[in-house]
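Engineer: Here is the input, now give the coordinates:
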Amino acid sequence: MGKHLDEKSLMVVKENSIFYRIRSFFLKLFRKNAITENQTKIANEKNYEVQSNKQKDSFVEYIRNIENEETKLLNLQKQYDNRLIETNDLSRDQIKQLINLYKKQISELKKSNELRKEKLLSYRKNI
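Structural biologist: You can find the predicted model right below:
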């Protein structure tokens with residue numbers, strides 16, 4: 001019975017054998033490649049995250065600049081409407097910007113009035 005158990009047990013690995021050395025060499029070689037590939041992937045992901053954060057920051061800054069320009073123009077419009085500023089005090093660019101702003105606001109009002117008219121007409125037809 002003792003022989004039978006010895007036959008089923010695991011073999012003893014000889015670390016001095018040539019096959020063991022070849023096997024360990026290839027394992028070390030492939031594991032180094034896997035480690036360096038993982039490190040490059042991690043580095044690429046970090047670079048991508050940094051770039052995406054920079055893009056987000058630049059977009060947010062762009063939106064802030066647009067909002068600042070629009071708010072400045074709206075403040076200028078309020079001052080002009082309240083007669084705190086006269087046309088003589090404004091530059092040509094500011095006058096052009098105000099004219100464009102007024103045209104834009106008028107067109108938006110016309111569109112909203114048309115929508116309201118359509119809603120009222122549809123409401124009349126349903127009653």
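Engineer: Give me the distance between Gln77 and Thr71.
Structural biologist: Going from Gln77 to Thr71 by C-beta to C-beta, to the nearest Å gives 10 Å. All C-beta atoms are positioned from the backbone trio N, CA, C, and that covers glycine.
Engineer: Who has more neighbours out of those two?
Structural biologist: Shown here are Gln77 and Thr71; by other C-beta atoms under 10 Å, Gln77 has more neighbours (16 against 10).
Engineer: The helix or strand hosting the more buried one - what's its average pLDDT?
Structural biologist: Secondary structure assigned from DSSP states H and E places Gln77 in helix 18-81. Averaging pLDDT along helix 18-81 gives 78.
Engineer: Next, the angle from the helix or strand that that helix is followed by to helix 18-81.
Structural biologist: Next in sequence after helix 18-81, counting helices and strands by DSSP H and E, comes helix 92-126. Put simply, helix 92-126 runs at 90 degrees to helix 18-81, going by axes from the mean of the first three to the mean of the last three C-alpha atoms, to 10 degrees.
Engineer: from the chain's centre, how far out does helix 92-126 sit?
Structural biologist: With C-alpha atoms, centre = their mean, to the nearest Å as the basis, helix 92-126 stands 33 Å off its chain's centre.
Engineer: And that helix, what's buried?
Structural biologist: Within helix 92-126, the residues scored as buried using 16 or more other C-beta atoms under 10 Å are 94, 97-98.
Engineer: which strands and helices sit next to it?
Structural biologist: The helices and strands touching helix 92-126, judged by 3 or more C-beta pairs under 8 Å, 6 or more residues apart in numbering; DSSP states H and E, are helix 18-81.
Engineer: Tell me which other helices or strands the helix it packs on touches.
Structural biologist: Right, helix 18-81 is packed against helix 92-126 by 3+ C-beta pairs under 8 Å, 6+ apart.
Engineer: can you tell me the average pLDDT over the helix it packs on?
Structural biologist: Average pLDDT, helix 92-126: 93.
Engineer: Quick check: the residue positioned nearest the centre of the chain vs Lys96, distance?
Structural biologist: With distances taken as C-alpha atoms, centre = their mean, Lys56 lies nearest the centre of the chain, 5.0 Å away. For Lys56, the distance to Lys96 equals 33 Å [C-beta to C-beta].
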